[in-house]
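Asker: Sharing a model prediction with you, sequence too.
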Amino acid sequence: MRAQSSATSSTAIAVDGPGTTAGTGTGSSGTGSSGTGSSGTGSLGALQAALGVVAFSLTFPATAWGLEGFGPWSLIAVRSVLAAVIAGGCLLAVGVPSRERSRAWGRVPLPERRHWSGLAVVGGGVVLGFPLLTTLALQTSTTAHAAVVVGLLPLTTALLSALRLGTRPSRTFWIAALAGAAAVLAFTVQQSGGALTTADAYLFAALLVCAAGYTEGGRLARVMPGWQVIGWALVLCLPLTVPMAAVALSFEPVHLTAHSVTGLLWVAAGSQFLGLVVWYRGMAAIGIPKASQLQLAQPLLTLVWSVLLLGEHLTVAAPLTAAAVLVCIAVTQRARG
């Protein structure tokens, strides 16, 4: 992670293609090369995005643990406040060259005004919208059923990226992406018994707002470090999350247990901040469409964690689906464009 931020750069955002970073080399990976132009950069970007997927795959089980001791509104608000405290500490701790110190908030330069609308979309999508909607859904839904959202998220993110940024993945990419999404959907629906629940409205709304947040975050990660993208988004939401936490905690009883505290700490530090840091860096390096397809593995990972941590049961279809999804991921990562 570079000490010198590019948040104040006047360079226009590059949208040449899904695998390119900003033309001046200000991508969050700090390499200045495109995700497809260097095998080393592409491999590192894919690894970072994959680490983000692993972090996200623990979100639903950790949320289920958190709901054992917190009300839904308290869990949502407190996780966001804790993540913002971590992000704010990082923004204060990382130094910038003295010539930029006059424009700095703390010790990191403020993003340019033209980037604040994008940060607001990130905040509304991944800081507030997705956690709120999925937490409400998990009150009446199992983690297996909620994984349907993640099964559609990669395809939705790729579609929004194409519309928002003008990326044009190849036909092979789209075929593999659709096949992977279909495999994940078939498996997760089968796991949940094939029945639709009242939580589905929350889940599909979460899908849309999260895809929008991922797309904007991936775009911004081309011109500022990925950790600053989510860091500023979390700080931007503090005027909403702090009062929300105070009100929710006054109305919802809290029962602190090992599970509830562990779940809260993970969704705050792991899912809400650290996971998004490596995720946005990975998207900037290899492109939003290709990074998003790595999330095809997320529902299957979530189901594995659900078995290990929550005691839920899986069928023998899991390894077969996992193999099919891995093939689809390999095809999307090799597809040109």
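Answerer: Sure, I can see it. Numbers count the residues shown, from 1 in each chain.
Asker: residue closest to the middle of the protein?
Answerer: Residue closest to the mean C-alpha point of the chain, counted by Cα atoms, centre = their mean, is residue 276 at 5.0 Å.
Asker: so what's it closest to, chain neighbours aside?
Answerer: Leaving aside its chain neighbours, residue 276 sits nearest to residue 230 (4.1 Å; criterion: Cβ to Cβ, 6 or more residues apart in numbering). Using the backbone N, CA and C atoms, a C-beta is placed for each residue, glycine as well.
Asker: now swap in residue 50 and tell me
Answerer: Using Cβ to Cβ, 6+ apart, the nearest residue to residue 50 is residue 294, at 5.6 Å.
Asker: which ones are touching the one you found?
Answerer: 46, 49, 50, 53, 154, 282, 329, 333 (Cβ atoms under 8 Å, 6 or more residues apart in numbering).
Asker: quick one: the residue nearest to residue 276 and residue 175, what's the gap?
Answerer: Shown here: residue 230 relative to residue 175, a distance of 32 Å by Cβ to Cβ, to the nearest Å.
Asker: same question, residue 80
Answerer: From residue 80 across to residue 175, the span is 38 Å (Cβ to Cβ).
Asker: Looking at these two, which is more packed in?
Answerer: Per other Cβ atoms under 10 Å, whichever of residue 80 and residue 175 has more neighbours is residue 80, with 26 against 14.
Asker: Around residue 258, count how many other residues there are.
Answerer: Neighbour tally, residue 258, other Cβ under 10 Å: 10.
Asker: For the stretch 1-150 of the chain, which segments are assigned as strands?
Answerer: 104-105, 108-109 (DSSP state E, counting those that start in this stretch).
Asker: neighbouring strands for the last one, and are they parallel or not?
Answerer: Based on DSSP bridges, the pairing partners of strand 108-109 within the sheet are strand 104-105 (antiparallel).
Asker: now the end-to-end length of stretch 57-75.
Answerer: Length of stretch 57-75, first residue to last, Cα to Cα, to the nearest Å: 18 Å.
Asker: correction: stretch 136-143
Answerer: In stretch 136-143, first residue to last residue: 12 Å (Cα to Cα).
Asker: Same question for stretch 256-270.
Answerer: Stretch 256-270 end-to-end distance (Cα to Cα) = 19 Å.
Asker: Stretch 59-79 now?
Answerer: Termini of stretch 59-79 sit 12 Å apart (Cα to Cα).
Asker: Just the mean pLDDT for that stretch, thanks.
Answerer: Averaged over stretch 59-79, pLDDT sits at 93.
Asker: Can you list the low-confidence ranges for the stretch 101-250 of the chain?
Answerer: Applying pLDDT under 70 to the stretch 101-250 of the chain flags the ranges 101-107, 148-149, 188, 191-198.
Asker: Give the buried residues for the one helix or strand residue 209 maps to.
Answerer: Assigned by DSSP states H and E, residue 209 belongs to helix 200-220. By 16 or more other Cβ atoms under 10 Å, the buried positions in helix 200-220 come out as 200, 202-203, 205-220.
Asker: Extract the C-alpha set from it and format it as CSV.
Answerer: Provided in CSV are the C-alpha atoms of helix 200-220 (Å, rounded to 0.1, in the frame of the first residue of the first chain):
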residue,chain,number,x,y,z
ASP,A,200,-36.6,-12.4,-0.6
ALA,A,201,-37.6,-8.8,-1.1
TYR,A,202,-34.9,-7.7,1.3
LEU,A,203,-32.4,-10.1,-0.4
PHE,A,204,-33.0,-8.9,-3.9
ALA,A,205,-32.9,-5.2,-2.9
ALA,A,206,-29.6,-5.9,-1.1
LEU,A,207,-28.3,-7.4,-4.4
LEU,A,208,-29.0,-4.2,-6.3
VAL,A,209,-27.5,-1.7,-3.8
CYS,A,210,-24.4,-3.9,-3.2
ALA,A,211,-23.7,-4.2,-6.9
ALA,A,212,-24.0,-0.4,-7.2
GLY,A,213,-21.6,0.0,-4.3
TYR,A,214,-19.1,-2.5,-5.8
THR,A,215,-19.2,-0.8,-9.2
GLU,A,216,-18.6,2.7,-7.8
GLY,A,217,-15.9,1.4,-5.4
GLY,A,218,-14.1,-0.4,-8.2
ARG,A,219,-14.2,2.8,-10.3
LEU,A,220,-12.8,5.0,-7.4
